[in-house]
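>>> pasting the structure only:
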């Protein structure tokens, strides 16, 4: 963490864990002429007077009609209010998207770089599957590993420089499960077509679900945690990120906490270590 930057900035980061029914949206990315996941997310936050810097990041971009049991959207914003209230108000106004959890983290993170792995499932109607279970398991084993997967993508995907991907594929409870750190466009749907029909064709998006997103362990160092076992006069609340304490104070009390020539804050830092003083909402 850059202490100087965090002292100067008024922004905070928020990770929104969301689920959504892909059948209720035309696509995932923002498009003013269509109903999309990110556009509805943006519109609801705007109605709740939440604004942010730069754009909305996501942990995974899903195709049209693809649902998600768990995905992540992230913003850097000046909001510093109650996240439980925000979640309740958002879900009350939403149709198709549900926020399951909000985590306050450092601003200006690059979420795609912090994703450890993504898990998808593809549940095709059993009566439409051409291959038997032995052949399905054989193809799952064949496709598991780290290799050039460009034969399982579309024209857009073939233009990407990075074609080596690691993927684990298995068949459980009548579903294909795909686990990997990253996937090429249409990769899961084309692999599903190959496994279930023997042909490398794009299977329908409506049977695909993003099950979950797993973030790297380092994200824990970027999360704000409430501190309830420390009480300091004139400090309204205390939070901690890694080894840095954030003392939230009313504007009129900031100078008292700092003290003349920083005398008071120096004493507090001797006792608690690194401290950043921020205005409380």
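Arrived safely. Remember, it's a predicted structure, so these values are computed and weren't measured experimentally.
>>> gap between residue 271 and residue 259?
Using CB to CB, to the nearest Å, residue 271 is found at 14 Å from residue 259. For the C-beta atoms, the positions are set from N, CA and C on the backbone; glycine is no exception.
>>> Give me the more crowded residue out of these two.
Shown here are residue 271 and residue 259; by other CB atoms under 10 Å, residue 259 has more neighbours (13 against 9).
>>> wait, what's in contact with that one?
By CB atoms under 8 Å, 6 or more residues apart in numbering, the contact set of residue 259 is 265, 266, 267.
>>> 7 Å instead?
residue 265 (CB atoms under 7 Å, 6 or more residues apart in numbering).
>>> Tell me which helix or strand in the chain has the weakest average pLDDT.
Of the helices and strands making up the chain, the lowest-confidence element is helix 3-8, at a mean of 87, by mean pLDDT, DSSP states H and E.
>>> Now it: buried residues?
Within helix 3-8, the residues scored as buried using 16 or more other CB atoms under 10 Å are residue 6.
>>> helices or strands up against the following helix or strand past that helix?
Using DSSP states H and E, the helix or strand that follows helix 3-8 in sequence is strand 12-20. Secondary-structure packing of strand 12-20 (3 or more CB pairs under 7 Å, 6 or more residues apart in numbering; DSSP states H and E): strand 67-77, strand 97-105.
>>> contacts for the least confident helix or strand of the chain?
Helix 3-8 has contacts (CB under 7 Å, 6+ apart) with 244, 274, 276.
>>> Mind telling me what element the last one is part of?
In this case it means residue 276. Going by DSSP H and E, residue 276 is in strand 274-279.
>>> Parallel or antiparallel, list what pairs with that strand.
Strand 274-279 has the following sheet partners, assigned by DSSP bridges: strand 244-249 (parallel).
>>> from the chain's centre, how far out does the helix or strand that comes right after the strand it pairs with sit?
Next along the chain after strand 244-249, taking DSSP H and E as the criterion, comes helix 254-258. Offset of helix 254-258 from its chain centre (CA atoms, centre = their mean, to the nearest Å): 36 Å.
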